[in-house]
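Asks: my questions are about this predicted structure, shown below with the sequence.
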Amino acid sequence: MEPGQSRGGGTQPPPPGDAWTALSYLLSGFLLFGGIGWGLDALMGTRVLTPVGLLFGGAASLYLIYIRYVKS
């Protein structure tokens, strides 16, 4: 048996550091796109781009987490 395999034939759970990485992806998506939306709202005098940026950032980060951990 190889060192990276379990006896049950299933896959191993991800290392504990992966949870922190996924959380940092999620937070950075909200902060980055929410901040861009907030900045554009301040420049244009609107109030709609911050929530749009937050929603887009959350969706983009969830997609990145899906691609990185679920699909691989």
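Replies: Okay, I see it. Numbers count the residues shown, from 1 in each chain.

Asks: going forward, measure contacts between C-alpha atoms and count neighbours the same way
Replies: Noted.

Asks: now for the worst-scoring helix or strand of the chain on mean pLDDT, which elements pack on it?
Replies: One helix or strand of the chain scores below all others by mean pLDDT, DSSP states H and E: helix 16-44, with a mean of 95. Where contact means 3 or more Cα pairs under 8 Å, 6 or more residues apart in numbering; DSSP states H and E, helix 16-44 is packed against helix 49-65.

Asks: mind giving me the packing neighbours of the helix it packs on?
Replies: helix 16-44.

Asks: give the buried residues for the helix it packs on.
Replies: For helix 16-44, the buried set under the neighbour-count rule, 16 or more other Cα atoms under 10 Å, comprises 22, 25-26, 29-31, 33-38, 40.

Asks: quick check, nearest of the residues you listed to residue 54?
Replies: Nearest to residue 54, judged by Cα to Cα, of the buried residues of helix 16-44 is residue 34 at 4.5 Å.

Asks: I figured that closest one hits residue 51, correct?
Replies: Yes: using Cα atoms under 8 Å, residue 34 is in contact with residue 51, at 7.1 Å.

Asks: and the angle for the least confident helix or strand of the chain with helix 49-65?
Replies: Put simply, helix 16-44 runs at 160 degrees to helix 49-65, going by axes from the mean of the first three to the mean of the last three Cα atoms, to 10 degrees.
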